[in-house]
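Visitor: Just the structure for this:
(chains A, B and C)
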Amino acid sequence: MSFSVDLINWYQKNKRELPWRNTKNPYYIWLSEIILQQTRVEQGKSYYLKFEKEFPTVRALANADEQKVLNMWQGLGYYSRARNLKKAADQVITEFNGVFPTDYKNLLKLKGVGKYTAAAVASFSKNERVPVVDGNVYRVISRYLNIDEPINTPKSYKIFSEAALELMENSRPDEFNQAIMEFGALHCTPTNPKCDKCPLSDQCTALVLNRVKDLPVKKKKTKVRERFFNFIITNNASGLAIEKRDQKGIWQNLYQFPMIETKNHKHQFSELKKLIETDDRFQNHKVSKVTQIGSDRKHLLSHQRIWARFYEVEFESETVYHESIVRTKSLESYPIPRLIERFVEEEAPHYLK
DNA sequence: AAGCCGGGGCC
DNA sequence: GGCCCAGGCTT
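Guide: You can find the predicted model right below:
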């Protein structure tokens, strides 16, 4: 039999029931695809249900403000997805008269929608004949056809999308695309693929050549940066001091305790005291007391290793701070990175209420 | 083409 | 500790 027929037969028997699988509504499909970018289905599911309920239409999403969207996204990571989600909803209202686009070319105009997501929405909603090429597809095809080309380069996209289109043959694009991704997620997995009971075993080139575990090939990525963050917790009658992270870098538009980054964590309290007193955000107020709360925490990102230290700081004089500092009683309505959330949960849970 | 952008689960 | 996940944007 052919690849597509065997694949789709496998899919009919083994597919999962997922909340976004029984709709042709491009808005819901798009919402699920953004949430699932670089995210496992099990991790994204609850977020999808939450967003679908809070924003049942693209117009409801467009009417929300960014902070609300970020707050709901909190904990899922890659926050540019949430910022672009909101921007794309605005685009649908202003550039597409409130009608969610369903064709590949127009979908690509939406913020946060690249080739993968455009192909997914166009094929799932309207059966447009465009192949999806995600991590699963790279893996399945590189093994099936024994392709040594690294999958994480611009050049490889062309190779794999053309291969996928050929393998699709005359099958239904929505079904084929769903099937190949589900097959990669459940059967042709990165480690321990189920080759012994694979419906494609007699046609899989890598299996015949015993090269399954060598594929797909990936170019090595850069090593991680080490960073040292010192968070200043100052809490008094006027509230808890927090700041919004400015334009560039990680966690954009999320909130945190005022933070001072240092080259390492070798400094003493006296040196940190000086850093705080000469920092514009604290208006030259003199520090009367510094206490470290808890121990150093390690937080890993895809390409940064963050060592975080939290200090409780008291000032001698009345604490009027720089305008960039927000005072609040509770962090509840502010989007915060997981690093901060974890610290608060363990050391000061009352800040979350 | 390379770097940047999270967080969680698995081995 | 390293790898991967229903990727996309910026430089």
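Visitor: What residues does whatever residue of the stretch 101-250 of chain A ends up closest to DNA strand B make contact with?
Guide: Closest residue of the stretch 101-250 of chain A to DNA strand B, C-beta to the nearest atom of the strand: A:Ile250 (2.8 Å). The C-beta positions use only the backbone N, C-alpha and C, and glycine is treated the same way. The contact partners of A:Ile250, by C-beta atoms under 8 Å, 6 or more residues apart in numbering, come to A:301, A:304, A:337.
Visitor: Identify the residue nearest the last one in space, chain neighbours excluded?
Guide: Leaving aside its chain neighbours, A:Pro337 sits nearest to A:Trp251 (4.8 Å; criterion: C-beta to C-beta, 6 or more residues apart in numbering).
Visitor: same check, this time on A:His285
Guide: A:Phe315 is the one closest to A:His285 (C-beta to C-beta, 6+ apart), at 4.3 Å.
Visitor: And the one you found, how far from A:Lys329?
Guide: Per C-beta to C-beta, to the nearest Å, A:Phe315 is found 19 Å from A:Lys329.
Visitor: ok, those two, which is more surrounded?
Guide: Using other C-beta atoms under 10 Å as the criterion, A:Phe315 and A:Lys329 rank with A:Phe315 on top: 18 against 12.
Visitor: wait, what's in contact with that one?
Guide: A:234, A:282, A:285-288.
Visitor: Quick check: bridge partners of it?
Guide: Judged by DSSP bridges, the bridge partners of A:Phe315 are A:Val287.
Visitor: which SSE is the residue in the stretch 1-150 of chain A that DNA strand B sits nearest to in?
Guide: Nearest residue of the stretch 1-150 of chain A to DNA strand B: A:Gly77, at 2.5 Å (C-beta to the nearest atom of the strand). For A:Gly77, there is no host helix or strand (DSSP states H and E).
Visitor: so it makes contact with A:Gln37?
Guide: No. Counting by C-beta atoms under 8 Å, A:Gln37 is not a contact partner of A:Gly77; they are 10.0 Å apart.
Visitor: Out of the contacts of A:Ile250, name the ones that lie in strands.
Guide: Among the contacts of A:Ile250, the members found in strands (DSSP state E) are A:Gln304.
Visitor: between the contacts of A:Ile250, which is nearest A:Lys105?
Guide: Closest approach between the contacts of A:Ile250 and A:Lys105, by C-beta to C-beta: A:Leu301, at 33.9 Å.
Visitor: Show me which helix or strand of chain A is least confident by mean pLDDT.
Guide: For chain A, counting by mean pLDDT, DSSP states H and E, strand A:235-236 ranks last in confidence among helices and strands (a mean of 84).
Visitor: Near the residue nearest to A:Ile336 when sequence neighbours are not counted, how many residues? Count them for me, please.
Guide: Residue nearest to A:Ile336 in three dimensions, not counting chain neighbours: A:Tyr255, with 5.4 Å by C-beta to C-beta, 6+ apart. A:Tyr255 is flanked by 21 other residues according to other C-beta under 10 Å.
Visitor: ok, A:Tyr255 - contacts?
Guide: With C-beta under 8 Å, 6+ apart, A:Tyr255 has these contacts: A:242-245, A:326, A:331, A:334-336, A:340.
Visitor: Show me which of those residues are buried.
Guide: Taking 16 or more other C-beta atoms under 10 Å as the criterion, what is buried in the contacts of A:Tyr255 is A:242-245, A:331, A:334-336, A:340.
Visitor: and which of these is nearest A:Asn177?
Guide: For the buried ones among the contacts of A:Tyr255, the nearest to A:Asn177 is A:Pro335 (32.7 Å; C-beta to C-beta).
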